[in-house]
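Trainee: Return a 3D structure for these sequence lines:
(chains A and B)
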Amino acid sequence: MSEQLEYRHGQSKAVRELLVFTLGQEEYGIDILKVQEIRGYDPVTRIANAPPFIKGVVNLRGSIVPIVDMRIKFGLGEPVYDAFTVVIILNIFQRTVGVVVDGVSDVIQLEADELREPPEFGSVVETRYIEGLGTKGERMVIIVDIERLMSSDEMALVDVTDQG
Amino acid sequence: MSQFHQVFFDETDEHLATMEGVLLAVDVAAPDSEDLNAIFRAAHSIKGGAATFGFGDLAALTHVLENLLDKVRKGTMQLSTAMVDVCLQAKDVLAAMLAAHRGAPPVDPSSVRAVEQQLTALVNKDAAVSAPAAAIVPTVPASHPPASSTMYIELDHLPDTDYDALLQSMALLGEMSLVQPGSDDPAQPWVLVLTSALHADEVSESLAFSIAPDHFRITVDHGQQDEGDFGLFLSASVGEPAAAPGGDVAFEEDGFGLFAPSLPDGAVHGDVDDGFGLFEPLPDANATPSVALEDDGFGLFVPLAAAEPAPVMVHEEEGFGLFAPMPAASPAQAVPPQPVAPVAAPRAERVQPAAENSIRVNTDKVDLLLNLVGELVITQSMLSQSGENLDPVQHERLLGGILALQRNARELQEAVMSIRMTPISFVFNRFPRVVRDLASKLGKQIELKMVGENTELDKGFIEKLADPLTHLVRNSLDHGVESPEVRVAKGKSATGRLTLRAFHQGGSIVIEVTDDGAGLNRARILSKARERGMAVSDALSDSEVWGLIFEAGFSTAAEVTDVSGRGVGMDVVKRNIQSMGGRIDIDSLADFGTTISIRLPLTLAIMDGMSVRSGDDIYVIPLSFVLESLQPQAADLKTVAGKGQVVNVRGQYLPIVSLAAFFPGDSSHVTTDPTRAILVIVEAGGQQLALQVDELIGQQQFVVKNLESNYRKVEGVAGATIMGDGRVALILDISIIARHRQRQAARPMASDPA
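Mentor: The predicted structure follows:
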């Protein structure tokens, strides 16, 4: 109830809506507008000579979508693929990409005064891809610039020539 | 506003293309008035659009062009080759200006000025000669659709009215002719005759935009209301050509003929079958040929040579008579009657663009539709698969439904595919110009023939075909067709013939470029190959020798011209065609000519392929690359030090490339022993190799998907497709795999056994 009131109240302020997912021990938030959908993990078709965190491609209603496993990318234990594995389908730079995460928790609204500068300390995601920190009571969410992260060279998702 | 700009650009592109097409096709000696009108209309539409959207430069140049075209169309000026040339140049400049407005580099203003000056010069040159006549020579409207009526319009001459523009806008309303130009003398108003389907009220409304209502008068001529098969006989005023032009104009509301016998006794009208037609026996030597502007396909009057009195012919599309009386009364009547048929025939065949029946749709929407249908087909095949296990008696209705779904899905897919189909004329249309320009540059005489321009193929091919085809045409003109002297010496006609032909054959489209030139020179190709250090034997078959010209950097041209001969090209052509999933073949006979045929699948989006398994992965090999597949015997296998295994296929040793090694991964299920695996013999880039896979799964059509739209380019992979079970399979790029192997093989040793 109180959250809803806050939300309505916050409409006039700069509110950010974030999808929160977990990766290891940390909670990350990404801009909800970049998220197309959330699905389970379908078997992928392997792409040879791709880095190990690119699991392969799947058929998403007719388009070929690459799947990136963030758990492998950030070295968070041995990934398991079962009925509970979650894939977030992102829509960024006119492309569709799926990312595998440990779990999706919820969607939160952040008001301007709940946003903090990015910390100096390292998280598993490199600092340059972190836009800031969101605090909601006891919770702390790391806000990731998912577009920048996914288009980075290290992700090897896009050819260097057709970036931007 | 900018969203309308795109529409204007698109439309202007079309108008320019129309203009070029008609200009190239028009018979300079005897232009079809319909053609002249088409060119004029195109220019006029561009001018109107350009002025509306504020592209002043386009409008200005088109205005000059339009002036010239209008004179030609009205018959006051005779079409000449020089005029066609200048008009073509103007078209090029317009296209460049248009491109500049779309963001391309700006056009060199000097070239614009040059074209403008040439156009103006042409207009003025004519004006000097025929200005006195121009004003009073009317275009005589003849038979008309029954609905049209004739009006006499008088306009007072007002000082600041643009009568040229007014007349032009009137001309758009129907058949308009100027009887008398106005002057400041109030006794001499402008007098026009307008025959149009519009009612007089509508005409007066249009006029009222330009001129105050009390300054013009419209009189409707109800003509002869004859019911029968009568014509109107007018005695031409022999000997006083310019006298009383108004009286010479006869109108018939019912589409009957117009008779204007030059002989006072009017003896020609003896055999009027149905009264449809026009008799215009030999006009007086000074009389002006009558040109009828007909949009409705009722009658067509084509002066065969506008300068001298020509027989006027009638072409009736409804199958009425064709009357071209040739009174032999005058020695001036030298034009033989034969031209009548050839001029008339193409008109009947000409396909009228059905603009009203088409809509402009963004290709993205079509592609989306295509994707959705592809999905539907996959879902349907999934359903069919699960339905196979059901008891046909218990689930009769369900199975029947699945069957119906299958049929509907397939028909829907075909229907959606057909949206993407575009006639190949979109590619072919550029060639009359290319050939014309090149032939004059090379000093050769070329007759271009195009067959099957309406053959449809996927829109995606249209853009990709243009470059390879242009290359082939240029090659044929430059190296194939000999110069006129050489041709005559060989006993051939001086004019070379180049044929572009497109047709369907089985599931593919074949496009042929045929010339009747010198043919490929086997000895020269072989010696050139040896020069380049290729191991070739004289025993090679002709087709193998011709295949050599697709090697990179191969040119047998005696000298390099700026048209072709630098040896870049044929390999690129072949690569382009192969990337479209197509094939290219050469057939050549010395002194008889060369035919290069391109074979393409019906659509870019669907491809014939063979699915193979390598380890746990499924790959698709485009069928156009596959020669055969076999399971080798141990005796046929050899290991060459440092180069891996080769297999003996009918005496030829082919390198073995294991797909599992090319795409390394989990290799636990991969067969390493070739005798237990399958070798698929593929050919790409002129070399063959044996691709080792574990299993052949099947051969079917695959919907090709782009891997790069969401991912990046993967070496050796041309795209992806979705299998019947909804999973993705990668389509192999055989030419890349072949080249990759070549590079590897070249590293340890310099030479290549293939």
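Trainee: Establish whether stretch B:593-607 and chain A are in contact.
Mentor: No - using Cβ under 8 Å from any Cβ of the partner chain, stretch B:593-607 stays clear of chain A, coming no nearer than 11.4 Å. For every residue, glycine as well, the C-beta is placed using N, CA and C.
Trainee: and that stretch, what's its mean pLDDT?
Mentor: Averaged across stretch B:593-607, the pLDDT comes to 79.
Trainee: for stretch A:142-153, same thing?
Mentor: 84.
Trainee: can you pull out the helices in chain A?
Mentor: Secondary structure of chain A, counting by DSSP state H: helices at A:2-10, A:70-73, A:146-151.
Trainee: Which residues does stretch B:648-665 contact?
Mentor: A:46, A:48-49, B:612, B:614-615, B:617, B:619, B:630, B:636-638, B:643-647, B:667, B:670, B:672, B:674, B:679, B:681, B:688-694, B:716, B:732, B:737, B:740-741, B:745, B:753-754 (Cβ atoms under 8 Å, 6 or more residues apart in numbering or on different chains).
Trainee: which parts of that stretch are buried?
Mentor: B:V649, B:Y653, B:L654, B:P655, B:I656, B:V657, B:S658, B:L659, B:A660, B:F662, B:F663, B:G665 (16 or more other Cβ atoms under 10 Å in any protein chain shown).
Trainee: how about the CA coordinates for it, as CSV?
Mentor: Output of stretch B:648-665 as CSV, limited to C-alpha atoms (Å, rounded to 0.1, in the frame of the first residue of the first chain):
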residue,chain,number,x,y,z
ASN,B,648,40.3,-40.6,-54.1
VAL,B,649,37.1,-39.9,-55.8
ARG,B,650,37.2,-41.4,-59.3
GLY,B,651,40.9,-40.7,-59.7
GLN,B,652,40.8,-37.2,-58.2
TYR,B,653,42.3,-36.7,-54.8
LEU,B,654,40.2,-34.4,-52.7
PRO,B,655,41.2,-33.0,-49.3
ILE,B,656,39.0,-34.1,-46.4
VAL,B,657,37.8,-31.4,-44.1
SER,B,658,36.1,-32.6,-40.9
LEU,B,659,33.2,-30.4,-40.0
ALA,B,660,33.8,-31.3,-36.3
ALA,B,661,37.4,-30.0,-36.6
PHE,B,662,36.3,-26.8,-38.4
PHE,B,663,33.7,-26.1,-35.7
PRO,B,664,35.5,-27.5,-32.6
GLY,B,665,33.4,-28.3,-29.6
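Trainee: can you tell me the helix or strand for B:A529?
Mentor: B:A529 belongs to helix B:522-531 when elements are defined using DSSP states H and E.
Trainee: buried sites along that helix?
Mentor: Buried, per 16+ other Cβ under 10 Å, within helix B:522-531: B:R522, B:I525, B:L526, B:K528, B:A529.
Trainee: Mind pulling up the pLDDT for the first one?
Mentor: Okay, so that is B:R522. pLDDT at B:R522 comes out at 83.
Trainee: Please report the distance of it from B:H44.
Mentor: According to Cβ to Cβ, to the nearest Å, B:R522 stands 55 Å off from B:H44.
Trainee: mind listing the helices for the stretch 301-450 of chain B?
Mentor: B:340-349, B:363-387, B:396-420, B:425-428, B:431-442 (DSSP state H, counting those that start in this stretch).
Trainee: Just give the nearest non-adjacent residue to the residue in chain A that chain B sits nearest to, would you?
Mentor: Among the residues of chain A, A:A48 lies closest to chain B, at 3.2 Å counting by Cβ to the nearest Cβ. In this structure, A:A48 finds its nearest non-sequential neighbour in B:F663, 3.2 Å apart by Cβ to Cβ, 6 or more residues apart in numbering or on different chains.
Trainee: CA atoms of stretch B:629-639 as CSV?
Mentor: Provided in CSV are the C-alpha atoms of stretch B:629-639 (Å, rounded to 0.1, in the frame of the first residue of the first chain):
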residue,chain,number,x,y,z
SER,B,629,28.1,-37.7,-50.9
LEU,B,630,29.7,-41.0,-50.3
GLN,B,631,31.2,-43.4,-47.7
PRO,B,632,34.8,-43.9,-48.6
GLN,B,633,36.6,-47.3,-48.6
ALA,B,634,39.8,-47.5,-46.6
ALA,B,635,41.7,-48.0,-49.8
ASP,B,636,40.6,-44.7,-51.2
LEU,B,637,42.0,-42.7,-48.2
LYS,B,638,45.6,-41.4,-48.2
THR,B,639,47.4,-39.2,-45.7
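Trainee: hmm, who's touching that stretch?
Mentor: B:610, B:645-649, B:653, B:656, B:674-681, B:690, B:696.
Trainee: List only buried entries from those.
Mentor: Burial by neighbour count, 16+ other Cβ under 10 Å: within those this picks out B:610, B:645-647, B:649, B:653, B:656, B:674, B:677-681, B:690.
Trainee: Strands of chain A, residue ranges please.
Mentor: Assigned by DSSP state E, the strands in chain A fall at A:16-23, A:26-31, A:35-40, A:54-60, A:63-69, A:86-92, A:95-101, A:103-110, A:115-116, A:130-136, A:139-144.
Trainee: Note down every partner strand of the third one and its orientation.
Mentor: Looking back up the chat, that one is strand A:35-40. Paired with strand A:35-40 in the same sheet, following DSSP bridges, are strand A:86-92 (antiparallel).
Trainee: any idea of the mean pLDDT for the strand it pairs with?
Mentor: Averaging pLDDT residue by residue across strand A:86-92 gives 91.
Trainee: and if you look at stretch B:69-84?
Mentor: 79.
Trainee: cool, and stretch B:402-415?
Mentor: The average of the pLDDT scores along stretch B:402-415 is 86.
Trainee: Is that stretch in proximity to chain A?
Mentor: No - using Cβ under 8 Å from any Cβ, stretch B:402-415 stays clear of chain A, coming no nearer than 12.5 Å.
Trainee: just to revisit the earlier point, can you say which two of the buried ones among the contacts of stretch B:629-639 are spatially most distant?
Mentor: Taking Cβ to Cβ as the measure, the buried ones among the contacts of stretch B:629-639 span a maximum distance of 23.4 Å, between B:M610 and B:Y653.
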